[in-house]
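> Have a look; sequence and predicted model below, questions after that.
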Amino acid sequence: MLLVGCSSQKQLLKEVKKTSPQNSVPESQRKDRAISHFINGATFEAEGDFANAILELQDALKFDTAAGIYYALAKNYFFLNKIPHALQNGEKALSMDSTKSDYYYLLSDIFSSSGHFDSSAVVLEKLIKRDSSQVNAYYKLATIYENSKPLKAVKVYNKLTNIIGDDWNVLAHVAQLQEKLGNIDKAADAYKNLLRLDPGDKSLQSTALDFYYRNKLYEKAMKLADDVLLLTPDNLHAREIKARVYLAQGKWDLASKEFSYILNKKDVPLESKIKIGAAYFEQSFKDSTLLPVAKQFFEAIDKDTTDWQVKMYLGAIAINEHNDSLAIKNFKQVTKLAKWNNQGWIRLAGIYYDNKKYGEAIKVLNEAIGSFPEDFTMNFILGLSYSQENENMKAKKYLGKAADLNPNNPDALSAYGFILNQTKDDSDAINYLTKALNLKPNDVNILGTLGLIYDGQKKYNLCDSVYESALKIDSTNALVNNNYAYSLSERGIQLERALKMVDISLKAEPKNSSYLDTRGWIYFKMGNLEKAKADIEAALKISNKNPTMLEHLGDIVFKIGQKDYAKELWQKALKMDSTNTELRQKVSKGTI
């Protein structure tokens, strides 16, 4: 807010004296009256009585139309948040006298307060054009541009730097803006200059360390961390950044030393210590040698606390070490300490699931689900975990519950639809998958599952329609290409196209036995028995207990003339799948 100082008041009084409208009242009387009202208005303004100030200033205008009176009116209207009147008088003042910088600043503030930032910027640009030394105008203009036009803001700040030299506040803004624009090197230069201006500022050091780490400028982060630790060895943030850089570089032993220092400090918050241990625990899924390090961390933390999160991680570590009794002990303590907290269970189970440790996820959630039977995420992850372990009936129970709890979640609906298909509940499967597809129409996995179901029902028009839709979205999807190709081969149609599709699948996964079997079966349908035999034999080397592949190989060698070998393969396949009536007939008749 711009208040009129003593010097400004004197100037405005001069302006009032300068100008007088042509009328019948003697000039000397009109000026005196104008000045009197103006002074009264200024007094009311100083007292915060802006309404009476406006009345006095309006009376002053009856005797004199000086630009200063319009400016004062605009200011008081602005104080009362009467923006239209403030704008009207502010623009009038500036149009009458464009030499006063205060007029520009007031008009810019009025525009900004009403959300007209572009107009505010135009006013400031005019001021800078008239007087390029207006430092405050540069600041205000850059601030306006920061959110909507960051590149322009940087240019304005650079112009300001040319005028006043390196300024802490300007450089800080430039650093943030350059990072926002993706100009990491320029942002780094700004931080370098900031640190040069004030190398001992702890807040700045912390901000710069985070910036360097966040943008993977590890050498700069390490140098700054070392500089900070040289003067303040107990700076925990610098040690943590240094340790995290070591983690990012795969130098776990060096990271461990830094983290150990932090863990041994009594004033470090417990949550910070847990995060460190959690980082090692999660990384242990990729490098098993780190599991003892994570265990050591949590055991050290456990000596000073009974926090449930620590017990939970110790329980998870015990499961990985196949120490079930210790795991149960820790999880029971978790239940006692935080029976009310579902997030800990969910996070832990999520870690296991993401790392394909489905059995461990099941163990964790079975400990928790009794306390949280209506928790969507727990039911969902537990159902997915059972599905991955091929325990379809258990998966059906929990995924069905998840779909009921959150009927607008496409992932829950599609997962339940998939498991319903696995348990031969095709009608319900289609219902749930269709609901999921309505929520997520471009999901190739949902379309692919629907295509598989329609194919099994021999509803080929629907089958082909959803497969074609899926391929329009993702023409290289390996699973969709394979399944569609197999469907076409079973029907003996579009075999050349089917061959091209399965080749796309095999390009993505050359060792996938199902894809090799599909290509072999297409060759069989095309009459190329040698290539068919080679592909399916290759598939059986990868997956030798697959009854479908054994039956396919039997059909091929039968056509080649190896009838006894064919019957042997069919019999072996029938032992694995006794429900296959067509296969039983082949074995019984000894022919296709």
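Arrived safely. Numbers count the residues shown, from 1 in each chain.

> Packing partners of the helix or strand Glu490 falls within?
Glu490 belongs to helix 478-491 when elements are defined using DSSP states H and E. For helix 478-491, the elements it packs on are helix 444-456, helix 460-473, helix 495-508, helix 513-526, judged by 3 or more Cβ pairs under 8 Å, 6 or more residues apart in numbering; DSSP states H and E. Every C-beta, even on glycine, is put in place using the N, C-alpha and C of the backbone.

> Redo the ones you listed as CSV? Include mean pLDDT.
Output for the helices and strands packed on helix 478-491, formatted as CSV (pLDDT from 0 to 100):
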stretch, mean pLDDT
helix 444-456, 95
helix 460-473, 96
helix 495-508, 97
helix 513-526, 97
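
> most tightly surrounded among these?
Using mean count of other Cβ atoms under 10 Å, the stretch among the helices and strands packed on helix 478-491 with the greatest mean number of neighbours is helix 513-526 (a mean of 24).

> List the buried residues in the biggest helix by length in the chain.
Using DSSP state H, we find that the single longest helix of the chain is helix 27-46. Residues of helix 27-46 classed as buried by neighbour count (16 or more other Cβ atoms under 10 Å): 30-31, 33-35, 37-42, 44-45.

> mind listing the helices for the stretch 151-300 of the chain?
Secondary structure of the stretch 151-300 of the chain (DSSP state H, counting those that start in this stretch): helices located at 168-181, 184-197, 202-214, 218-231, 236-248, 252-263, 270-283, 291-302.

> And those helices, which one averages the lowest pLDDT?
Taking the average pLDDT of each of these, the minimum falls on helix 252-263, with a mean of 78.

> That one to helix 270-283, inter-axis angle?
Our comparison of helix 252-263 with helix 270-283, counting by axes from the mean of the first three to the mean of the last three Cα atoms, to 10 degrees, yields an angle of 160 degrees.

> Give the buried residues for helix 252-263.
Using 16+ other Cβ under 10 Å as the test for burial, helix 252-263 gives Trp252, Ala255, Ser256, Glu258, Phe259, Tyr261, Ile262, Leu263.

> can you redo the residues you listed as TSV with distance to Gln283?
TSV is the format used below for these (distance: Cβ to Cβ, whole Å):
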residue	distance to Gln283
Trp252	8
Ala255	10
Ser256	11
Glu258	15
Phe259	12
Tyr261	19
Ile262	17
Leu263	17
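
> Give me the angle between the next helix or strand after the longest helix of the chain and helix 27-46.
Heading C-terminal from helix 27-46, the first helix or strand you meet, by DSSP H and E, is helix 50-63. Helix 50-63 and helix 27-46 are oriented at 170 degrees to each other (the same axes, to 10 degrees).

> Could I have the CA atoms of helix 50-63 written out in CSV?
Coordinates of each C-alpha in helix 50-63 appear next as CSV, following Å, rounded to 0.1, in the frame of the first residue of the first chain:
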residue,chain,number,x,y,z
PHE,A,50,-10.9,6.7,4.1
ALA,A,51,-14.6,7.4,3.5
ASN,A,52,-14.4,11.0,4.8
ALA,A,53,-11.1,11.4,3.1
ILE,A,54,-12.8,10.7,-0.2
LEU,A,55,-15.6,13.2,0.5
GLU,A,56,-13.1,15.9,1.2
LEU,A,57,-11.1,15.1,-1.9
GLN,A,58,-14.3,15.1,-4.0
ASP,A,59,-15.0,18.6,-2.7
ALA,A,60,-11.4,19.6,-3.6
LEU,A,61,-12.0,18.5,-7.2
LYS,A,62,-14.9,21.0,-7.4
PHE,A,63,-12.4,23.8,-7.1
